[in-house]
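1. need a structure here:
(one chain, ligands or ions: 1)
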Amino acid sequence: MRLLIMGPQGVGKGTQAKLIAEHYGIPHISTGDIFRYNMKNNTPLGQEAKSYTDKGQLVPDELTNKIVKDRLAMDDAKNGWILDGYPRNAAQVEALDKMLEELGTPLDKVVALDADRDILMKRIAKRAAEEGRADDNAEAIAQRLKTYDEETAPLLDTYKSRGCLVPIDGEGDIEDISKTIFDALD
Ligand code: AMP
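-> Numbering: from 1, shown residues only. Here you go, the predicted model:
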């Protein structure tokens, strides 16, 4: 099973992606987690990404596409994966299409979670208090939501027209939402 999970910040993408990964026995590949790991360990990739992520901006495509390409080529990705946080703009969709064509492994479905803006803002504020992420300050949050609306949300239409979009209501209990996702994917 090769999946994307998409949706605005705070919609519960990461939580659902982990549950989907466990359910299908596939790796959960989060570009945000990869950048955070590299920033925490102060690697050259982390140093380059930090100036963008701290401001809530997207890391340049060239760098992002490369980490995804390398990750998808790893052994544990042979039988499927769920990509969380990628692609985030039209150029990344094109890059992913090319990678998958080269690998000969087409995408199966795109799980699209959505919820009201009020709910998203409350969840983001809660996470900021609990996890203290550097990019969970008001300015960076607003920038991330703006980037999502302008660059990422339009990609849902792209996948809808390809017939692989699975829209899911992201409001409600975590377990209920995952059950809805599994039912839709099975
Ligand atoms: P996330 O945890 O997915 O919200 O990602 C945290 C931050 O990592 C984002 O605000 C971006 O700065 C960076 N990032 C994650 N995924 C991507 C991507 N696909 N393209 C560019 N930047 C990304």
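
2. by contact count, what packs against the helix or strand encompassing L83?
-> Taking DSSP states H and E as the criterion, L83 maps to strand 81-84. Judged by 3 or more CB pairs under 8 Å, 6 or more residues apart in numbering; DSSP states H and E, strand 81-84 is in contact with strand 2-6, helix 13-24, strand 28-30, helix 31-40. C-beta here means a position set from N, CA and C on the backbone, and glycine is covered the same way.

3. one more time with 7 Å, if that's ok
-> Strand 81-84 sits against strand 2-6, helix 13-24, strand 28-30, with contacts defined as 3 or more CB pairs under 7 Å, 6 or more residues apart in numbering; DSSP states H and E.

4. so P167 versus M1, what's the distance?
-> Counting by CB to CB, to the nearest Å, the gap from P167 to M1 is 18 Å.

5. go on, L155?
-> In this view, L155 and M1 are 20 Å apart by CB to CB.

6. now swap in Q57 and tell me
-> For Q57, the distance to M1 - CB to CB - is 31 Å.

7. helix, strand or coil: sort out P8 for me.
-> coil (DSSP: H, G, I helix; E, B strand; the rest coil).
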